[in-house]
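Asks: sequence first, predicted coordinates after that:
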Amino acid sequence: MRIHELTFDGGTLEFHPNMTVVEGLSESARAAVVDAARALAEGRVPRARGVLEAHGVLFDIDESAPSLLGLGTGVDVVVCRDDLEPARADNPLPSGTSASAPSSVEDDEIKTARRALEAATKAYEVLKEAADRAEAELQVAAEARQRVMVALDQARRDRDTARARMQQGPRKGPPSDREYEIKEEIVRVQAQMDEVAETIELLERTDPRPIQVLLDEYRKPPSGKLVPSPEAQALADQIVNLREKLAEVEARFAAEGKDITELADRVDRAREELAAAERAMARPQLTPEDERELEEAHEAVLEAERKLDSFMGRKKALQELEEAKRREQEILDRVGFPTWAAYVMGASLLNVDPVAEQRLERARQEKEEAERAWEELLGELEADPEYSSLLDEMEAAHLAAFDLLGGEPEEGDVVDHLRALMVPDEGEVTKSDLIDALIYQLQLREVDVADDAPEDVVLAAAQEFLDETRDHWDRYAVMKEEQVRLGNRLRELKEELELLGAQVETPEELEAKYRAAEAKVEEILKDLEHATELEAELASQLEARQALAEAAKAKVDAAAERVRELVEGRAAAKGTGNAPGESPYGNLPYADEEGDEDELGSSSDDIEFFFLSRLASLRAAGPSGSFPLVVDRALDGIDDAKRLPVLEKLAEMSESVQVIYLTEDPAIAEWAASRGDPVALVKAPAQLVA
């Protein structure tokens, strides 16, 4: 996905599909661009309006855009200056951990090393892709230069023919019979060539290769590679965010003397005291049926209490708890026990110690008062519109999580289970995308298949088309050979006709044709020179990109070795953990978590790898493809020796991910102006100037 343009109050910014440097924006306009990029990544509708491009199609930025394009992955699309600062000594914790996290120095070192390995791996993937793309571009350029050389050979033959006719001189007289024969044959050959060209065009239009490729891709078995579920990660982030908001509301109530944590502790203490007081009670004789019925009733009470401790369905849980307790007390009263604890402890109900009885009464009273206060506070919280709305959202989020996880986890935090959920890696293209592409390609070939056709119908139509075009390329090869043969024959006839016709042309006409043929040769020589320069430039780019990819691979190997050393060292020290030789790639705890890039030093290499890692995370962030990267003055004011290599790498990588650089530094604007395609310098409109 790429941002085509953004419109604000009073001005519009248009962006290059690769890299755009925007100079001179006001603070409010700059913030609006940053907000627009973040809003799109988060699935929100930005304040600014404009146009997006995804998969070659333009979309308006409006209320329907997030759902239509499948936005909302929550990836971090903005890089500020603070992101490039190395970690300070007073904040040594890795990103994504808290000060209370029980981790040792060794654990922190391993986590940091694993994050460095993940960042280096992503950077290598981006650079390897760029090198592969450069190799393909070089191949195209080499083929183009070869075509120019073929055209040059033909132009030289035409020039030599024109020179020979000019040197031979004119011959007066009427056209010969041979000239009439040649002209008639030229008409016939040209008609045959037109028919062959139409057949070739039809065969090219019905090229079955896209259908075959899409069908093969659809039928390809899963790779077996597992990746963290993007849906589960987003749901985990949502639950964490809702918990924080609920905690803020509860903190507001606590400031008013209604601390939910303190009150919950009071209820727990009251229940424990009541249980202790009831342990002095004796147990009458019960039948096995009474015991079974009483234990089932108490299990129902415990289940209702567990539900009460959850954020979900608290109102319903209170009702279930009240009903379960009522049922339990009915049975207790019938069999002669005042409480469940008395039944468990087996204390006698006759001749009870008065002190124990008073303690039991006080404990009951305290428990009732604590639970009443607890229910009153819950009622106030649920009556609060914000808290009630957050509870509803939390319940919906948990239901979605349970559906995704295949049920409610028996133990552990649901967020941890969501973070750990792995799904098969389908890459950037899903089965649904492949079916849509098949429908489009079949319709291009005039196959009658509806836009909403079922999957099995589309697959059957594709296979039938392939069966019908099984001899497609044999026919195409025959037609191309016939086209070459007819073309050669037509050229021979025209050359012969020109030689005969030259005998009745004036010397001036013959010389003019020679001069034109000579000029054509010179023109093609210039094209050849340009093609040769382009091929050499692309070869140089390929060499540089391959060198950079090799350097990135070396950094991956070094990072992997560092992880292995730390893991094996800790295992040797503790006698536990990973065995020597275990792959460091097996468990990257911070992979795919926002803000987990490797800590940066101040060198340009560190900054380059930081950007490459960020670009890698944005390259396939959702159904709409890559997300644009917005660089907010991050390199402004940095020494040219450090930032120019980084800017050049951003320009190269912008072929995969659109880059929008917001700057106030004239030197960066000057670089963009001199750099040229694929970099565009955009001056802020007068309405958006600082």
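Replies: It's in.
Asks: my read: residue 401 touches residue 237, true?
Replies: No. Residue 401 is beyond contact range of residue 237, at 11.7 Å (criterion: C-beta atoms under 8 Å). In short, each C-beta sits where N, CA and C put it, glycine included.
Asks: neighbour count winner among those two?
Replies: residue 401 (22 against 17; other C-beta atoms under 10 Å).
Asks: quick one, what contacts the more buried one?
Replies: Neighbouring residues of residue 401 by C-beta atoms under 8 Å, 6 or more residues apart in numbering: 232, 235-236, 239, 414, 417-418.
Asks: take these and keep only those in helices.
Replies: Mapping those onto helices (DSSP state H) picks out 232, 235-236, 239, 414, 417-418.
Asks: what is in contact with residue 401 and residue 237 at once?
Replies: By C-beta under 8 Å, 6+ apart, no residue touches both residue 401 and residue 237.
Asks: ok, back up a step: can you put the contacts of residue 401 in TSV and add distance to residue 434 and pLDDT?
Replies: Formatted as TSV, those follow (distance: C-beta to C-beta, whole Å; pLDDT from 0 to 100):
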residue	distance to residue 434	pLDDT
232	23	88
235	26	90
236	29	91
239	32	91
414	33	87
417	31	88
418	28	89
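Asks: and which of these is nearest to residue 147?
Replies: Checking those against residue 147 by C-beta to C-beta gives residue 232 as the nearest, at 51.5 Å.
Asks: tell me who's in contact with the closest one.
Replies: For residue 232, the contact set (C-beta under 8 Å, 6+ apart) comprises 401, 404-405, 418-419, 421, 423.
Asks: give me the below-cutoff pLDDT ranges for the stretch 251-400 of the chain.
Replies: Scanning the stretch 251-400 of the chain for pLDDT under 70 picks out 279-285, 308-315, 342, 345-353, 356.
Asks: and the ones in helices among the contacts of residue 401 as CSV, adding distance to residue 19?
Replies: Below are the ones in helices among the contacts of residue 401 laid out as CSV (distance: C-beta to C-beta, whole Å):
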residue, distance to residue 19
232, 34
235, 34
236, 33
239, 37
414, 42
417, 41
418, 36
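Asks: ranking by neighbours, what's the top pick from those?
Replies: residue 418 (26 neighbours).
Asks: that residue against residue 404, yeah?
Replies: Yes. The criterion here is C-beta under 8 Å, and residue 418 meets it with residue 404 at 7.2 Å.
Asks: which neighbours do these two share?
Replies: Taking C-beta under 8 Å, 6+ apart as the criterion, residue 418 and residue 404 both touch 229, 232, 235.
Asks: isn't the first one right next to residue 422, touching?
Replies: Yes. In this structure, residue 229 sits in contact with residue 422. The criterion is C-beta under 8 Å, and the distance is 6.7 Å.
Asks: all helices for the stretch 501-650 of the chain, in order.
Replies: 507-574, 604-619, 640-653 (DSSP state H, counting those that start in this stretch).
Asks: let me fix that, I meant to ask about the stretch 151-300 of the chain.
Replies: Going by DSSP H, counting those that start in this stretch, the stretch 151-300 of the chain shows helices at 177-205, 209-219, 230-255, 260-278, 288-308.
Asks: so where's the stretch 401-550 of the chain shaky on pLDDT?
Replies: Low-confidence segments of the stretch 401-550 of the chain, defined by pLDDT under 70: 425-429, 501-505.
Asks: check which residues of stretch 244-253 are buried.
Replies: 245-246, 249-250, 253 (16 or more other C-beta atoms under 10 Å).
Asks: which pair in these spans the largest distance?
Replies: Maximum pairwise distance among the buried residues of stretch 244-253 (C-beta to C-beta): 13.4 Å, between 245 and 253.
Asks: OK, contacts around residue 37?
Replies: 3, 77-78, 627-628, 630, 660.
Asks: ranking by neighbours, what's the top pick from those residues?
Replies: Within the contacts of residue 37, most neighbours by other C-beta under 10 Å means residue 660, with 27 neighbours.
Asks: secondary structure element holding that one?
Replies: Taking DSSP states H and E as the criterion, residue 660 maps to strand 659-663.
Asks: who touches stretch 466-486?
Replies: With C-beta under 8 Å, 6+ apart, stretch 466-486 has contacts from 189, 192-193, 196-197, 199-200, 203-204, 206-208, 211-212, 215.
Asks: drop anything exposed from the residues you listed.
Replies: If we count by 16+ other C-beta under 10 Å, the contacts of stretch 466-486 have these buried: 189, 192-193, 196, 199-200, 203, 206-208, 211, 215.
Asks: just the closest of those to residue 269, please.
Replies: For the buried ones among the contacts of stretch 466-486, the nearest to residue 269 is residue 215 (67.8 Å; C-beta to C-beta).
Asks: that closest one and residue 460 touch, don't they?
Replies: No. In this structure residue 215 lies outside contact range of residue 460 using C-beta under 8 Å: 10.8 Å.
Asks: separation between residue 34 and residue 78?
Replies: Distance of residue 34 to residue 78, given as C-beta to C-beta, to the nearest Å: 6 Å.
Asks: meant to ask about residue 323, not that
Replies: According to C-beta to C-beta, residue 323 stands 53 Å off from residue 78.
Asks: what touches both of residue 34 and residue 78?
Replies: Contacts common to residue 34 and residue 78, judged by C-beta under 8 Å, 6+ apart, are 630, 632.
Asks: returning to what we had before: out of the helices of the stretch 501-650 of the chain, which comes closest to residue 329?
Replies: The nearest among the helices of the stretch 501-650 of the chain, by C-beta to C-beta, is helix 507-574 at 52.8 Å.
Asks: and the closest one, what does it pack against?
Replies: helix 105-168, helix 604-619 (3 or more C-beta pairs under 8 Å, 6 or more residues apart in numbering; DSSP states H and E).
Asks: columns mean pLDDT, mean neighbour count and distance to residue 554 on top of these, output as TSV?
Replies: Formatted as TSV, these follow (pLDDT from 0 to 100; neighbours: other C-beta atoms under 10 Å; distance: least, C-beta to C-beta, whole Å):
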stretch	mean pLDDT	mean neighbour count	distance to residue 554
helix 105-168	83	18	9
helix 604-619	75	22	12
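Asks: need those helices in JSON lines (columns: distance to residue 387).
Replies: What follows is those, written out as JSON lines (distance: least, C-beta to C-beta, whole Å):
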{"stretch": "helix 105-168", "distance to residue 387": "36"}
{"stretch": "helix 604-619", "distance to residue 387": "35"}
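Asks: can you say which of those is nearest to residue 296?
Replies: helix 105-168 (46.0 Å).
Asks: same for that closest one, what does it pack against?
Replies: helix 472-501, helix 507-574, helix 604-619, helix 640-653.
Asks: can you give me the neighbour number for residue 185?
Replies: Residue 185 has 15 nearby residues by other C-beta under 10 Å.
Asks: hang on, it packs against residue 496?
Replies: No. Counting by C-beta under 8 Å, residue 496 is not a contact partner of residue 185; they are 10.0 Å apart.
Asks: quick revisit: tell me the angle whichever helix or strand comes after the strand holding residue 660 makes with helix 640-653.
Replies: With elements assigned by DSSP H and E, the helix or strand that comes after strand 659-663 is helix 666-675. Orientation check (axes from the mean of the first three to the mean of the last three C-alpha atoms, to 10 degrees): helix 666-675 against helix 640-653 gives 40 degrees.
Asks: kindly format the C-alpha coordinates of helix 666-675 as PDB.
Replies: Coordinates of each C-alpha in helix 666-675 appear next as PDB, following Å, rounded to 0.1, in the frame of the first residue of the first chain:
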ATOM      1  CA  PRO A 666      17.900  22.200   3.900                       C
ATOM      2  CA  ALA A 667      20.800  19.800   3.300                       C
ATOM      3  CA  ILE A 668      18.400  16.800   3.100                       C
ATOM      4  CA  ALA A 669      16.200  18.700   0.700                       C
ATOM      5  CA  GLU A 670      19.200  19.500  -1.400                       C
ATOM      6  CA  TRP A 671      20.100  15.800  -1.500                       C
ATOM      7  CA  ALA A 672      16.600  14.900  -2.600                       C
ATOM      8  CA  ALA A 673      16.600  17.500  -5.300                       C
ATOM      9  CA  SER A 674      19.900  16.300  -6.700                       C
ATOM     10  CA  ARG A 675      19.200  12.600  -6.200                       C
END
